[in-house]
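> Any chance you can model this:
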Amino acid sequence: MEEGICRSLRCRQEVIEIIKPSVSVSKVFHFGIQNVRVAGYSRFWRRHIGYSIGLEVHEVPFLVDNRDVLEAGMVLTIDQSRTILA
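Prediction:
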């Protein structure tokens, strides 16, 4: 279990490291999905891997496969909770 937690934290940190202004949300999403799969969860799937936080808890942009681009000053949360397809 401890190893799984460490892998999950590494995956999250790797996603955080690519988040910068002008990076596409789609790039972050696909990178986040792929790095969890490479870490040993080959059947990992999520509709999103995070979202922006503002006046509401969940705000756009959601980290999904779309055309949004990250901007300076955005506050994001990374949510790579494991959803494993059966």
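
> Any chance you could list what contacts stretch 6-19?
Outside stretch 6-19, the residues that touch it by CB atoms under 8 Å, 6 or more residues apart in numbering are 27-28, 31-32, 35-36, 39-40, 49-50, 70, 76, 78, 80, 82. No exception for glycine: its C-beta is placed from N, CA and C like everyone else's.

> Tell me the spatial nearest neighbour of residue 75, not counting adjacent residues.
Nearest residue to residue 75 in three dimensions, chain neighbours excluded: residue 53, at 4.8 Å (CB to CB, 6 or more residues apart in numbering).

> Now, the contacts of stretch 6-19 that are in helices?
Secondary structure assignment (DSSP state H) places 27, 28, 31, 32, 35, 36 from those within helices.

> How about the contacts made by the residue nearest to residue 75?
59, 75, 76, 77.

> follow-up on the earlier one: can you list the ones in helices among the contacts of stretch 6-19 in TSV and add pLDDT and neighbour count?
TSV is the format used below for these (pLDDT from 0 to 100; neighbours: other CB atoms under 10 Å):
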residue	pLDDT	neighbour count
27	97	15
28	96	24
31	95	19
32	92	26
35	89	21
36	86	27
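
> This completes my enquiry, with thanks.
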